[in-house]
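Novice: Predicted structure and sequence below. I'll ask about it afterward.
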Amino acid sequence: MGSHHDAGSMTPVWDLFVRAFHWILVVAFAVAYFSEGEPMWLHAWAGYFIGALVVARVVWGLIGPATARFSHFVTHPREVVAYLKALPRGRAKRHLGHSPAGGAMTIALLVGLLLTVGSGMAMLALESAKGPLAPYLAGVEGGIWIWPWVDVAYGLHEACVSLMSMLIIVHLAGVALASFMHRENLVAAMWHGRKRVQ
């Protein structure tokens, strides 16, 4: 039904890197989350992979195409609050790229992922003297320092995982609400990279 018209009214928004990053990250995080350290090698390597993905996304956010850059979608907190207030009332301005709330969520997720990966690496180094941080954190064996710090790293890692779970739920709810209010399928848009012009 009107395929030519539909195709003509769509415009590219998210490049292949952004889309691939998003969906590969979904899979990698699911592997890390559901493996829960059993086996540890799978959990750890999923974490390393997530860390590498996030670093690559940060670089792409500085040098990539316009809609991939942080400067394009990271806005002042006032704009985020204004958008969130207007969205349920149907008054929020539609954005071709990320909305102010979407931009804020992107930053929150990236920071949360880095904290989760970093705390996991610290825990692995302190507990078993393995991983990239082992040379820096595993120097005190059998002393009074190592076990308290293992507990601290473990608690931080668990807190970060809980934070990520909450952010993901809010992210999914926000995508669903924005899709409904703006009458467009944002999940599909993140898959094929296009959104309608108007």
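Specialist: Arrived safely.
Novice: Send me stretch 69-80 as CSV with only the CA atoms.
Specialist: C-alpha atoms of stretch 69-80 as CSV (Å, rounded to 0.1, in the frame of the first residue of the first chain):
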residue,chain,number,x,y,z
ARG,A,69,27.6,12.6,17.2
PHE,A,70,27.0,13.5,20.8
SER,A,71,26.9,17.2,19.8
HIS,A,72,23.8,16.4,17.7
PHE,A,73,21.6,14.8,20.4
VAL,A,74,23.1,15.6,23.9
THR,A,75,21.1,18.6,25.1
HIS,A,76,20.7,20.7,28.3
PRO,A,77,18.8,18.9,31.1
ARG,A,78,16.2,21.6,30.8
GLU,A,79,15.4,20.4,27.3
VAL,A,80,15.2,16.8,28.5
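Novice: measure the residue positioned nearest the centre of the chain to residue 149 for me?
Specialist: By Cα atoms, centre = their mean, the chain has its centre lying nearest to residue 109, at 3.7 Å. With distances taken as Cβ to Cβ, to the nearest Å, residue 109 is found 27 Å from residue 149. All C-beta spots, glycine's among them, are computed from the backbone N, C-alpha and C.
Novice: Would you indicate which residues of the helix or strand encompassing residue 112 are buried?
Specialist: Element membership for residue 112 (DSSP states H and E) is helix 100-128. By 16 or more other Cβ atoms under 10 Å, the buried positions in helix 100-128 come out as 100-106, 108-110, 112-127.
Novice: buried stuff in the lengthiest helix in the chain?
Specialist: In the chain, assigned by DSSP state H, the helix with the most residues is helix 146-182. Neighbour-count burial for helix 146-182, counted by 16+ other Cβ under 10 Å, picks out 146, 149-150, 153-154, 156-157, 160-161, 163-164, 167-168, 171, 174-175, 177-178, 181-182.
Novice: got the angle between the helix or strand harbouring residue 60 and helix 100-128?
Specialist: Using DSSP H and E, residue 60 maps to helix 40-63. Between helix 40-63 and helix 100-128, the angle formed by their directions is 140 degrees, by axes from the mean of the first three to the mean of the last three Cα atoms, to 10 degrees.
Novice: How about residues contacting helix 40-63?
Specialist: Defining contact as Cβ atoms under 8 Å, 6 or more residues apart in numbering, one finds that helix 40-63 is touched by 17-18, 21, 24-25, 28-29, 31-32, 35-37, 68-70, 110, 113-114, 116-118, 120-121, 124, 130-132.
Novice: before we move on, what about stretch 161-176?
Specialist: Under Cβ under 8 Å, 6+ apart, the answer for stretch 161-176 is 29, 33, 101-102, 105, 108-109, 112-113, 115-116, 186-187.
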